[in-house]
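S.K.: Quick check, what structure comes out for this input:
(one chain, ligands or ions: 1)
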Amino acid sequence: MCGIVAYIGQKDAKPILLEGLKLLEYRGYDSAGVAVLTDAGVEVARAVGRVAVLEDKLEQQAKSGKAFAGTLGMAHTRWATHGGVTEINAHPHQDDQAGIAIVHNGIIENYAALRKLLEEKGHTFQTETDTEVLAMLIGELYAPSEGVDLEKAVQAALREVTGAYAIVVMCAQEPDVLVCARKGSPLIVGVGNGEYVVASDASAIVRHTTQAIPLDDYNVCRITREGFRTSDLQDEQVSPKVMQIEMDLEEIELGGFTHYMQKEIFEQPASMRNTLRGRIDHNEGKVVLGGVAGFAKELVKAKRVILTAQGTALHSAMIGEYLLEDLAKVPTECEYASEFRYRNPIIEDGTVVVAISQSGETADTLAALGEAKDRGALALGVVNAVGSTIARETDAGVYLRVGPEIGVASTKAFLGQVTVLTLISLFMGRRRFMSQVECEQLLTELERVPTKIESILAQADEIRKVTEKYVTKENWLFLGRGYNYPVAMEGALKLKEISYIHAEGMPAAEMKHGPIALITDGMPAVFIANRGAQYEKVISNIEEVRSRGGHVIAIATEGDDRIGNVAEDVIYVPDIPEPLSPLLTVVPLQLMAYYAAVARGHDVDKPRNLAKSVTVE
Ligand code: M6R
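M.R.: Numbering: from 1, shown residues only. Alright, predicted model coming up:
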């Protein structure tokens, strides 16, 4: 949610900042801005819209002699929280006296009170944002003649604020210094040779260096070309933890695809093989999960599991609930993190809370995790982003290993999450009640999934044609039962978030309890109707839709020659044991959403109003 990139070194900052912004644009794209420290002082340019608009503006300014030439600067791509999407509200923001410029991710919760105080001291505000309040506050506290330099002014200002922030600050009076800090919003300092790239996301750093310091909450980092110092808000020195960024450049490039979402859907066979690699022991019919091995006893004895997440990750959690109860026979529930954190949940001895998140930075999921830990639960993470906050805050966890996911609509991370939850269920199940043979059969089937996904992806063109038949319809239903009820929810979410078609996902049986009233002539209803325990029931639900004029698109099992009699369109997936079926049935739904968005002319990777990582409540 919002992207930050900043540079200090020997090179021209502007192109580095613009390149970084383009890589971070998926985190927010309402408006963008850049500030460079030049011979003339802090020069700022901002623009509403995409980074390309800012780039054009900078080109125009260069033609009229304003080159933004300098080797220290910062940039931001915004997802609006406070204040409308206007140029004036775009970052960087500046103070009115000390020459401070700041970029900020997060929300300053007490900004109104601080603003009032600063106005009483005579400061005049240009914008409606919380960030400008922070710039003014730092400027107000900045007093180099009294020993309060930029670093100390930032520390003092942050002692006054409540809320979440990742900030980078510069000051015209200290032309060789960048100060950055974080609380609750990610910020990484990339350490190069005589140069530093600070960013909210490793993708903007990896082209320059793979050595990085992920800042912890309340860390402040003062950077010059000669080195850096990390402290807390009381100015106590903090030892930085250096990490290696493990990311290939190809992983963040489109590589011949038109959109990241398309690339990520097609990457799924490879990403799933990566998720599974080294985690299956065929000799013992067991799952090997290094990340949770130290807690194997607690997992085997667990009395209850709570899975918590938001959005697509919540849908994978819903499948996890079925998997854990079915395969590991452990009572499991699944809950929106945003609800869990505020409803005074009961955590008894033997409760394991699993936070599921692609980014590892989702504010609600992070807060739910904190609540679970405070109440004594063993906290596990199922996370994709290595070194992210949730990954670091959990007692143990299992990484997805699907590589960076850049498309705002989550696809390969969902598949990775369901795969990991299957592995955790088998890890626990095998050590609790499951025989070696039973576990081994499922593990063998699990390893066949990537090849089966390849055969679904080979039908992409057929899936596109089916989708295009219905793409003008404004209301769709997605229906499934058992393991495939959460898949129906996921199919509906995918369609609405990128094609802006209204879609509802629900258990197929629930339709009769109200939503059936919505069915009109020609309304598309996507049924996940693969072979499984409730197949006959699903067929009855299909008949109910058809008899009211709905058009049925069925996701069915290869070899099912009956389904064609009741559905207008059928997309076939290979046969598979039911607990593993979501890993296949979701793929046609991802493709349908993708092709619907393309056909409707939408910006697939940057859908309106959305951002990749939701770091505000
Ligand atoms: O990074 P996370 O997995 O924690 O994100 C959770 C949701 O915000 C995310 O899945 C969102 O729903 C996606 N846009 C769905 O495609």
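S.K.: With adjacent residues omitted, what lies nearest to residue 543?
M.R.: residue 566 (6.3 Å; C-beta to C-beta, 6 or more residues apart in numbering). Glycine gets a C-beta too; all of them are placed from N, C-alpha and C.
S.K.: separation between the one you found and residue 611?
M.R.: Remark: distance between residue 566 and residue 611 (C-beta to C-beta, to the nearest Å) = 40 Å.
S.K.: which of these two has more neighbours?
M.R.: For residue 566 versus residue 611, neighbours defined as other C-beta atoms under 10 Å are more numerous around residue 611 (22 against 19).
S.K.: What score does the more buried one have for pLDDT?
M.R.: At residue 611, the model reports a pLDDT of 77.
S.K.: Was I right to think it contacts residue 80?
M.R.: No - Residue 611 is beyond contact range of residue 80, at 9.8 Å (criterion: C-beta atoms under 8 Å).
S.K.: Check which helices and strands the helix or strand of the chain with the lowest mean pLDDT sits against.
M.R.: Lowest mean confidence among the helices and strands of the chain (mean pLDDT, DSSP states H and E): strand 243-244, at a mean of 88. Counting contacts by 3 or more C-beta pairs under 8 Å, 6 or more residues apart in numbering; DSSP states H and E, strand 243-244 packs against strand 211-214.
S.K.: what's the domain layout of the protein?
M.R.: 3-245, 252-452, 459-604 (automatic domain parsing).
S.K.: In a markdown table, list those along with distance to residue 617.
M.R.: Formatted as a markdown table, the domains of the chain follow (distance: least, C-beta to C-beta, whole Å):
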| stretch | distance to residue 617 |
| --- | --- |
| domain 3-245 | 8 |
| domain 252-452 | 5 |
| domain 459-604 | 19 |
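S.K.: Tabulate those domains (CSV), appending distance to the ligand.
M.R.: Listed next are the domains of the chain as CSV, based on distance: least, C-beta to the nearest ligand atom, whole Å:
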stretch, distance to the ligand
domain 3-245, 11
domain 252-452, 2
domain 459-604, 6
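S.K.: Can you get me the start-to-end distance on stretch 591-611?
M.R.: 20 Å (C-alpha to C-alpha, to the nearest Å).
S.K.: What lies in contact with that stretch?
M.R.: With contact meaning C-beta atoms under 8 Å, 6 or more residues apart in numbering, stretch 591-611 is reached by 1-2, 25-29, 50, 79, 258-262, 265, 406-409, 457, 460, 463-464, 466-468, 471, 491, 494-495, 497-501, 526, 553.
S.K.: Filter the residues you listed down to the buried ones, ChimeraX style.
M.R.: The buried residues among the contacts of stretch 591-611 can be selected in ChimeraX (16 or more other C-beta atoms under 10 Å) with this line:
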select :1,2,25,26,27,28,29,50,79,259,260,261,262,265,406,407,408,409,457,460,463,464,466,467,471,491,494,495,497,498,499,500,501,526,553
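S.K.: now, which of the contacts of stretch 591-611 lie within helices?
M.R.: If you go by DSSP state H, the contacts of stretch 591-611 have 260-262, 265, 457, 460, 463-464, 466-468, 491, 494-495, 497-499 in helices.
S.K.: part of a strand, is residue 228?
M.R.: Yes - counting by DSSP: H, G, I helix; E, B strand; the rest coil, residue 228 is part of a strand.
S.K.: what's the closest non-adjacent residue to it?
M.R.: With C-beta to C-beta, 6+ apart, the residue lying closest to residue 228 is residue 221, at 5.6 Å.
S.K.: Quickly list what that neighbour is bridged to.
M.R.: Using DSSP bridges, the bridge partners assigned to residue 221 are residue 180, residue 230.
S.K.: Tell me if I'm right that it and residue 180 touch.
M.R.: Yes - applying C-beta under 8 Å, one finds residue 221 in contact with residue 180, separated by 5.1 Å.
S.K.: Between the two, tell me which one has more neighbours.
M.R.: Shown here are residue 221 and residue 180; by other C-beta under 10 Å, residue 180 has more neighbours (29 against 24).
S.K.: show me the contacts for the more buried one.
M.R.: Contacts for residue 180 (C-beta under 8 Å, 6+ apart) come out as 6, 166-169, 187, 189, 198, 215, 220-221, 223.
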